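**Student:** Provided below for reference: sequence and predicted model.
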Amino acid sequence: MIRIGTRASLLATTQSRLVADLVTRLLGEDVELVEVTTEGDRSAQPLASMGGTGVFVTALREALLDGRVDVAVHSLKDLPTAPSPGIALAAVPLREDPRDVVVARDGLTLGELPVGSRLGTGSPRRAAQLHALGLGLDIVDIRGNIDTRLGKVASGEYDAVVLARAGLARIGRLDEVTEVLDPLQVLPAPGQGALAVECRADDDLVATLAALDDAASRACVTAERAVLATLEGGCSAPIGALGEIAEGEDGDELWVRAVALSPDGALSVRMSATGTPEGAADLGVRLARDMLAEGAADLSEPPVMPAGFETGAISPSSTSGHVRRQ
């Protein structure tokens, strides 16, 4: 019997059941789900004030290390980028669509929402990119599970919310989506849409669970998380990143796009790079270092511009590793 630790929310238990089904189907093992309450579940404070998404991870990892569970399942975007002693990322199953989506009143899209509409998001990354679109929306902080957030739109408290498409897909609520956001507008969080399957590093399950791993998904999120880890060392700006596998002349190529923004979205560094899936980590590090060289470290507190100065973003060029200023 393999004991899988999970948070108690509908989304978390649904994701854990997906992994449990894979374990049963691919490995022929019986599975038991064990609920673990995390600090992020107990508090209604904004995530940033509690130290970020890692608050959802710590309790599950503690349950792993003290032997209460054998496997932990996380939304991969919640994992801190620093290694956790004694714990292995055993598998990244096939990734869901990583894009963000809008759920708005009356079936509206972002561009159709009137100026001043209240749009809820708990993500500084989403807030900064939404501000950068210049739509005149009132971007307000929101916490709670998916039902809570959707309920605030249904009740009229908010005109719209922005959520991860993957979560809605997994709980069967895609019919409520009014717009899927193009990554050219809003890049997702590193690792968004992917699941992380962890176990103790000294457990034989490390090798066994490798059967659940999807190589393309693993390469993409490895590059994205390398971007995040490298940028975190030099800046505290909101960060988005997306890796995609494409067929090249000499085999599969990994293309990674990333953005770092000032919190108000007025300034940004956007770049892209290509490499091989096998070199995913090095590719992400190289891209992030190029972004730091272009000023990503200076975005957390945008400089005060002279009156009449039109702020421009730094945007991606078609050439990997180069930028142009608008």
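**Tutor:** Cool, the structure landed.

**Student:** give me the next element, helix or strand, following the lengthiest helix in the chain.
**Tutor:** The residue-count maximum for a helix in the chain (DSSP state H) belongs to helix 215-232. For helix 215-232, the following helix or strand on the C-terminal side (DSSP states H and E) is strand 239-248.

**Student:** for the next helix or strand after that following strand, name the packing helices and strands.
**Tutor:** Remark: after strand 239-248, the chain's next helix or strand is strand 251-261, criterion DSSP H and E. Using 3 or more C-beta pairs under 8 Å, 6 or more residues apart in numbering; DSSP states H and E, the elements in contact with strand 251-261 are helix 124-132, helix 215-232, strand 239-248, strand 268-275, helix 280-293. C-beta coordinates here come from the backbone N, C-alpha and C atoms, glycine included.

**Student:** nearest to residue 172, of the ones you listed?
**Tutor:** Closest to residue 172 of the helices and strands packed on strand 251-261 is helix 215-232 (C-beta to C-beta; 21.6 Å).

**Student:** between that closest one and strand 251-261, what angle do the directions make?
**Tutor:** Interaxial angle, helix 215-232 versus strand 251-261 (axes from the mean of the first three to the mean of the last three C-alpha atoms, to 10 degrees): 30 degrees.

**Student:** so which bits of helix 215-232 are buried?
**Tutor:** Buried residues in helix 215-232, defined by neighbour count with 16 or more other C-beta atoms under 10 Å: 216-232.

**Student:** which stretches of the stretch 51-200 of the chain form helices?
**Tutor:** For the stretch 51-200 of the chain, the helices defined by DSSP state H, counting those that start in this stretch occupy 58-65, 124-132, 146-154, 165-170.

**Student:** picking up where we left off before, so for the longest helix of the chain, what's the average pLDDT?
**Tutor:** For helix 215-232, mean pLDDT is 96.

**Student:** quick one on the thing from earlier: between the helices and strands packed on strand 251-261, which one is closest to residue 66.
**Tutor:** helix 215-232 (26.1 Å).

**Student:** below-threshold pLDDT in this structure: ranges please.
**Tutor:** For the chain, the stretches flagged by pLDDT under 70 are 38-55, 234, 300-326.

**Student:** how is it divided into domains?
**Tutor:** Under the assignment automatic domain parsing, the domains of the chain span 2-93+194-213, 100-180, 220-325.

**Student:** redo these as TSV? Include distance to residue 188.
**Tutor:** Shown next, in TSV, are the domains of the chain (distance: least, C-beta to C-beta, whole Å):
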stretch	distance to residue 188
domain 2-93+194-213	8
domain 100-180	6
domain 220-325	6
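
**Student:** hang on, the earlier thing: which residues sit against the longest helix of the chain?
**Tutor:** Applying C-beta atoms under 8 Å, 6 or more residues apart in numbering, the set of residues contacting helix 215-232 from outside is 76, 79, 81-82, 92-95, 190-191, 194, 237, 239, 241-245, 252, 254, 256, 258, 260, 275, 277-278, 280-285, 287-289, 291-292, 296.

**Student:** what angle separates it from strand 268-275?
**Tutor:** Going by the same axes, to 10 degrees, helix 215-232 makes 140 degrees with strand 268-275.

**Student:** winner for burial among the helices of the stretch 51-200 of the chain?
**Tutor:** Across the helices of the stretch 51-200 of the chain, averaging neighbours per residue (mean count of other C-beta atoms under 10 Å) puts helix 124-132 on top, at a mean of 23.

**Student:** in PDB, list the C-alpha atoms belonging to that one.
**Tutor:** Output of helix 124-132 as PDB, limited to C-alpha atoms (Å, rounded to 0.1, in the frame of the first residue of the first chain):
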ATOM      1  CA  PRO A 124       1.700  39.400  -8.200                       C
ATOM      2  CA  ARG A 125       2.800  37.800 -11.500                       C
ATOM      3  CA  ARG A 126      -0.700  38.000 -12.900                       C
ATOM      4  CA  ALA A 127      -1.400  41.400 -11.400                       C
ATOM      5  CA  ALA A 128       1.700  42.900 -13.000                       C
ATOM      6  CA  GLN A 129       1.000  41.500 -16.400                       C
ATOM      7  CA  LEU A 130      -2.600  42.600 -16.300                       C
ATOM      8  CA  HIS A 131      -1.600  46.100 -15.300                       C
ATOM      9  CA  ALA A 132       0.900  46.000 -18.300                       C
END
